[in-house]
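> Provide a 3D model corresponding to the input given below.
(2 chains)
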Amino acid sequence: MTSTQSPLRVATWNINSVRLREETVLRFLRGHGPDVLCLQETKSPDSAFPHDGFEAAGYVHRHVRGEKGYNGVAILSRIPFEPLDHRLFCGREDCRHVAARVNGITVHNFYVPAGGDVPDREKNDKFGHKLDFLAEMRDWFGPDGDAPSGPSILVGDLNIAPHEHDVWSHKQLLKVVSHTPVEVDALEAVRASRNWIDVARHYIPPEEKAYSWWSYRSKDWSGADKGRRLDHIWVTPDLRDGLTGYDMLRDVRGWEKPSDHAPVAVELSV
DNA sequence: ATGGCCGCCCTAGGCGGA
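This next block holds a predicted model:
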């Protein structure tokens, strides 16, 4: 029986190639020191995952699911965990989910499909895939689904910025994939499936802008600040009273050769 | 105010990202 009162810190980061940015991840681990780091878009087959550097940095527990070139998720931890079975979505073998049980808490790491350019499933299969993926998540966590029960944390690049101030311009992004009402509704249905708490908005007032992603295309990403909050940390209501902190690590987006996503992190006392 | 930028792949233009 695990019994701790020490804080558990969990971070999530779309790293956009873990092999290209191994040193960047190590810099983050040394500086921020989360207990658990969930990565998305590792873009690495498992046989080529850069285990050695993370091992040396103390993240000796790892659960990785990668494929060549696309997608890929991983959980790195300096505390022991029980690897859990991943779930396949939309009948595909792609690597968009991985899970583990840490100190009695189930941690789900997701990379939701981006959805392509056109927000219409009749014209764009990728958008249909995104909506179908979200519907399967909703059903899996819902009353008739068989997702693991008990205290849980759901993190990842969910590729949707749900609230008005999760994007730089609500009005200008209403028809842009990541902020369309149909996607926002689909994500809300996932959230409602277990009454997940959106930890960022638990701490940040709704009228305050909050972003985790800025396009590579902007010459001055920070000055222009046309971001979106695509990366999320949700917890089940039984963990609400354990929440002790939340961070969006914007500075990391400004490091040398950065990912276009910044890490976000939660701390809880469990 | 939308730009055009990244990273990947049986190395070079095409795909996916969002």
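> residues touching the spatially closest residue to A:Ile79 that is not a sequence neighbour, list them.
Leaving aside its sequence neighbours, A:Ile79 sits nearest to A:Asp35 (Cβ to Cβ, 6 or more residues apart in numbering; 5.2 Å). No exception for glycine: its C-beta is placed from N, CA and C like everyone else's. By Cβ atoms under 8 Å, 6 or more residues apart in numbering, A:Asp35 lies in contact with A:Leu8, A:Arg9, A:Val10, A:Ser77, A:Arg78, A:Ile79, A:Val102.
> Neighbour-wise, which one of those residues leads?
A:Val10 (25 neighbours; other Cβ atoms under 10 Å).
> Pull the contacting residues for that one.
A:34-38, A:102, A:107, A:153, A:155, A:233, A:265-266, A:268.
> That one falls within a strand, correct?
Yes. Assessed by DSSP: H, G, I helix; E, B strand; the rest coil, A:Val10 belongs to a strand.
> Which per-residue confidence value corresponds to it?
Looking at A:Val10, its pLDDT reads 98.
> swap in the one 5 residues further on?
For A:Ile15, the model assigns a pLDDT of 98.
> Could you measure from it over to A:His165?
Look at A:Ile15 and A:His165: by Cβ to Cβ, to the nearest Å, they are 26 Å apart.
> which residues in chain A form strands?
Per DSSP state E, chain A carries strands over the ranges A:7-14, A:36-40, A:61-65, A:73-77, A:82-84, A:97-102, A:105-111, A:152-157, A:197-198, A:213-214, A:227-228, A:231-235, A:243-248, A:264-269.
> what helices or strands is the third one leaning on?
The elements that strand A:61-65 packs onto, with contact taken as 3 or more Cβ pairs under 8 Å, 6 or more residues apart in numbering; DSSP states H and E, are strand A:73-77, strand A:97-102.
> on that earlier part again, most neighbours among the contacts of A:Val10, which one?
A:Cys38 (32 neighbours).
> wait, doesn't A:His86 sit right on A:Gly72?
No. In this structure, A:His86 is not within contact of A:Gly72 by Cβ atoms under 8 Å, at 11.9 Å.
> Looking at these two, which is more packed in?
For A:His86 versus A:Gly72, the count of surrounding residues by other Cβ under 10 Å is larger for A:Gly72: 27 against 16.
> count of neighbours near A:His165?
Neighbours around A:His165, by other Cβ under 10 Å: 17.
> All set, thanks.
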